[in-house]
Every structure is written in C-alpha cells, then in structure tokens.
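Participant: Provided below are the primary sequence and the corresponding predicted coordinates.
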Amino acid sequence: MITTPDAARAREYWTQSAFNGRVREVPVPVPGPGEVLIETELSGISPGTEALIHRGDVPDSVAELMRAPQQLGDLPFPVSHGYLNVGTVRQGPAELRGRRVFTLAGHRSHVVVPAGACHLVGEAVPTERALLAGVAEVGLNALWEAPVTLGDRIAVIGGGLVGLVTALLVQGVSPARLQLIEVDADRARLAADMGLHAVSPEEAAADNDVVLHASASAEGLRRALEITGDDGSVVELSWYGTRSPQVPLGADFHARRLRLLGTQVGQVAAPKRLRRSRTQRLAAALNLLDARFDALVTGRSPVERLPEVMDDFASGAAWTRNQLLHVVTYEGDK
C-alpha cells in the first residue's frame, strides 16, 4: 500500500544488501554554504548499472572508482546510488532558486548538492527528456574517446538505453553509415521507429571505422571486433561488474591493428581531457537532447515501489526487458 508522505520528511531509496532495497523516511536535508536544496520532480533508473548494483555485483577493487557523484553511503552496501535526477531548487543562491535543474543525484525526494553541480534545464525541455542527460554524457564520452568524426562508418552494438542514446548522438555527426545491432526483435523495432537502421548481428556490415559496444555480452564484444575495419577502434561502454567475459584477441586482432578502448564516465575521454571539464561535458550532453530522445521513456513507478521494481530489473523479470528509461515519481512531495 502506498501511503501519503509527511511533507516535513524526505524519502530516500537505499540498497541495503543484494536484492534488498528500502525507501527510508528521513528529515529533509539542510544545505550548507555553497550548496542547494532540490525538491525532486522525477528521477530515472539506468537499468544496466543499477541492476548490477542491486545484485551486489560491484567488485571491491573498483567500489570507490564507481561511486556516483552524489551517492550516499558506500558501494557495495548500504548505498543510495543513481545519477538521473531533475528537480526544483528550493534553497540556495538567488539565481538558482525556483529553477529546474538536472543533477547526478539518485532516487531521493530531496537532495543537497553543491551549487556548481546543478545544470539548468531549458523551459522547452520536458523533465523526462532532461533525465537522459546522465546517459547522454556516457555516450558523448565514448564518441570523444574513439573519436567519431564526420563521414565515419559506425556501428553501435546493443539496443538498450545506453546503446540507443549513443546511436542517436552519432546521428548528429552525420556518419556515412550507422547501424544499430540488436538481437531482440522488439528493441530492433523500437530503434527502427526512431529512424535508426537496426540489423541483427549476422546482417551487420563490416569495415566499420568505429564500433561502440554496449550489449554487456561476450558475444557482442566478439562481433564488435569482427566487424571493425583494419586500424579501426572498438569502444567498450559496458560495465560487466564481477563478470569476466572472454575477449577474442587471437586470430587477426593484431594483424589488423585493432584498438580496444575502455571508456568510463568518471573521467573525460583522453582526447578532450585537457580542454573539457566534467561539468562542461555534462552541460554539452544536456544540450544535445532533442525530441528524438522522448521515445526512450518507457515506464513510470512511484518511489515507494522501488524495492520491488529494482528486484525485477536485477532478476530480469519479463516486463523489464522492454524498459529503457524507467521514471520514478514523487507526487506526494509538494
């Protein structure tokens, strides 16, 4: 049963242990000097990362590296993770009060962040679309890492949220050819409806300049190497957690001088690192979102339901397979 929240209290979603989430009721946080208090309008679930965290698949060796910027607690548990949040500034500098902002905060009805961590959302941008800024930042970083340039032949493997956002960003650099490679027929149809050329792994054209891999599977990574042209690059966007996929580096990998590049959003991609800050990169990602991205919003749940919703995402329940950006609502916080 969903209960009406106390207006003087805040709600925070925490992962207590593997497959054990809880919505905590806590006092509304108080901002300190240089900070703002944001009342959340919507937050968003990034399915791959958050399901991995809910399962407890974060290796101890990278727990600190994989912290979300506004995370509470520590990985693996207990932790309040997440990084897609749009809300209204209620306390803080006059130029921000009452403004709608995106922050890399999680599923909390009220968040306190440094004022410099707020990114203004334009009046014409729907809140649900703005939630995708954190995912677009991942895709943009990968495009910078390759780098992807005008007239390239590009393939994106994996039609999940990260793969589709990345493919839509690639459209903006006018590639000579862009393929979205996906094994699931429903996701391939969605990609086609969005104007992307969706193909199966078997149908994928070879001789790509850059392949952006986001399927989080060994099979996808193998196919990525197969369809990359000589001297081309595979950019790995997937986070495997505690899994160790086999990477086929035998056969012609060295003879064709292929490059396998890791990209992790905790740092700006190496080719841009001296000229772009993380703040500038996120602002750029937010500004790249247009109406094409609205089709990626596929479901909504109230924050009170998050424990069971995250259980379903982490276990791969049937209904989650067609979910891309799943929105979390906070209607009781007015």
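Facilitator: Nice, I can see it. This structure is a prediction, so every number in the text was calculated from the model and none was measured.
Participant: Just want the most central residue of this structure.
Facilitator: Val135 (3.3 Å; C-alpha atoms, centre = their mean).
Participant: you'd agree it is in a helix?
Facilitator: Yes: per DSSP: H, G, I helix; E, B strand; the rest coil, Val135 lies within a helix segment.
Participant: The stretch 201-334 of the chain: strands as residue ranges?
Facilitator: 208-213, 228-236, 259-262, 297-302, 325-329 (DSSP state E, counting those that start in this stretch).
Participant: Just list the residues touching Gly116, thanks.
Facilitator: 34, 279 (C-beta atoms under 8 Å, 6 or more residues apart in numbering). Placement of C-beta: from N, CA and C, glycine included.
Participant: picking up where we left off before, tell me the most buried of the strands of the stretch 201-334 of the chain?
Facilitator: Highest mean neighbour count among the strands of the stretch 201-334 of the chain (mean count of other C-beta atoms under 10 Å): strand 208-213, with a mean of 27.
Participant: Restrict that strand to CA atoms and write it as CSV.
Facilitator: In CSV, the C-alpha atoms belonging to strand 208-213 read as follows (Å, rounded to 0.1, in the frame of the first residue of the first chain):
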residue,chain,number,x,y,z
ASN,A,208,33.5,0.0,-39.7
ASP,A,209,35.7,2.8,-38.6
VAL,A,210,34.4,2.7,-35.0
VAL,A,211,32.2,0.1,-33.2
LEU,A,212,30.6,1.3,-30.0
HIS,A,213,29.8,-1.8,-27.9
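Participant: name the helices or strands packed onto it?
Facilitator: Packing partners of strand 208-213 (3 or more C-beta pairs under 8 Å, 6 or more residues apart in numbering; DSSP states H and E): helix 133-145, strand 153-157, helix 161-171, helix 218-226, strand 228-236.
Participant: okay, the angle between it and helix 133-145?
Facilitator: 150 degrees (axes from the mean of the first three to the mean of the last three C-alpha atoms, to 10 degrees).
Participant: Start at 41, not 1
Facilitator: All set: I'll call the first residue 41, so the last point we hit is now strand 248-253.
Participant: now strand 248-253 against helix 201-211, angle please.
Facilitator: 150 degrees.
Participant: Quick check: neighbours of the longest strand along the chain in the sheet, parallel or antiparallel?
Facilitator: Counting residues, the longest strand in the chain under DSSP state E turns out to be strand 75-85. Pairing partners of strand 75-85, with direction, according to DSSP bridges: strand 125-131 (antiparallel), strand 150-154 (antiparallel), strand 365-369 (antiparallel).
Participant: which residues of the stretch 91-240 of the chain score low on pLDDT?
Facilitator: For the stretch 91-240 of the chain, no stretch has pLDDT under 70.
Participant: tell me the pLDDT at the residue with the largest distance to the centre of the chain?
Facilitator: Going by C-alpha atoms, centre = their mean, the residue of the chain most distant from its centre is Ala295, 34.4 Å out. As predicted, Ala295 sits at a pLDDT of 96.
Participant: and of the strands paired with strand 75-85, who's closest to Arg345?
Facilitator: strand 365-369 (8.7 Å; C-beta to C-beta).
Participant: give me every residue that touches the nearest residue to the residue nearest to the centre of the chain once chain neighbours are set aside.
Facilitator: Distance criterion C-beta to C-beta, 6 or more residues apart in numbering; nearest residue to Val175, sequence neighbours excluded, is Val205 at 4.8 Å. Contacts for Val205 (C-beta under 8 Å, 6+ apart) come out as 172, 175-176, 178-179, 333, 336.
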